[in-house]
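Chemist: A structural model of the following input is requested.
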Amino acid sequence: MGRPTLVLVTGPAGSGKTTLAYAIGAALGCPVVSRDAIKEGMAAAEPGFVAAVGDPLTRRTYGAFFASLDLLLRAEVTTVAEAAFQHRLWTQGLALVDGLADLKIVRCQLDAEQARARMQLRRAEQPTRTAHADIEHLAAADAFVPLSLDAPTLDVDTADGYRPDLATVAAFCRH
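Modeler: Next comes the predicted model:
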């Protein structure tokens, strides 16, 4: 039996974590489980849904997200997981998959002003963003607390491309 790797891609809203997560998934040849994509799919099934910080749909997203990770990791599938992973609900959820995989953490970093600009742009360009309370996250962009676990961690500056570059990030995730 093999042992998969779980790559956690984390960072504040607007930091580029979704884009980087899918790039890592493509480089490694493995699936990406995105918290935002799960929530957007749930919102699509609930006409008239209005997003707010801590809304019931957001809370349900945690269960679906971690159940997806559990399923893939138990099947020994190396997986990239993308979410903020900031508060106690996320760390509690990570405890559910503890021991199922080798853990790697990739933390996206970007200054708060550039993150705000990205959030405003994607809100205007992506209709599915209505599933998220992006406006509230704009106000809290300075308050993000990075994920800190006892696992190999790589900080990636996402302001203009990736520093370190994607090949280096992928190599970190492989080894």
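Chemist: list the contacts of the longest helix seen in the chain.
Modeler: Assignment by DSSP state H gives helix 56-74 as the longest helix of the chain. Under the contact criterion CB atoms under 8 Å, 6 or more residues apart in numbering, helix 56-74 has outside partners 4, 6, 31, 33, 35, 38-39, 42-43, 46, 49, 51, 79, 81, 83, 89-90, 93-94, 96-97, 100-101, 131, 133. (Each C-beta comes from the backbone N, C-alpha and C, glycine too.)
Chemist: pull out the buried residues from that helix.
Modeler: For helix 56-74, the neighbour count (16 or more other CB atoms under 10 Å) marks 57, 58, 61, 62, 65, 66, 68, 69, 72, 73 as buried.
Chemist: pick out the lowest-pLDDT one from the residues you listed.
Modeler: When the buried residues of helix 56-74 are compared on pLDDT, residue 58 comes out lowest, with 81.
Chemist: now do the helices in this protein.
Modeler: Counting by DSSP H, the helices of the chain are 17-28, 35-44, 56-74, 88-96, 112-125, 134-139, 166-174.
Chemist: start and end of stretch 157-175, how far apart?
Modeler: Distances were taken as CA to CA, to the nearest Å; on that basis the terminal residues of stretch 157-175 are 20 Å apart.
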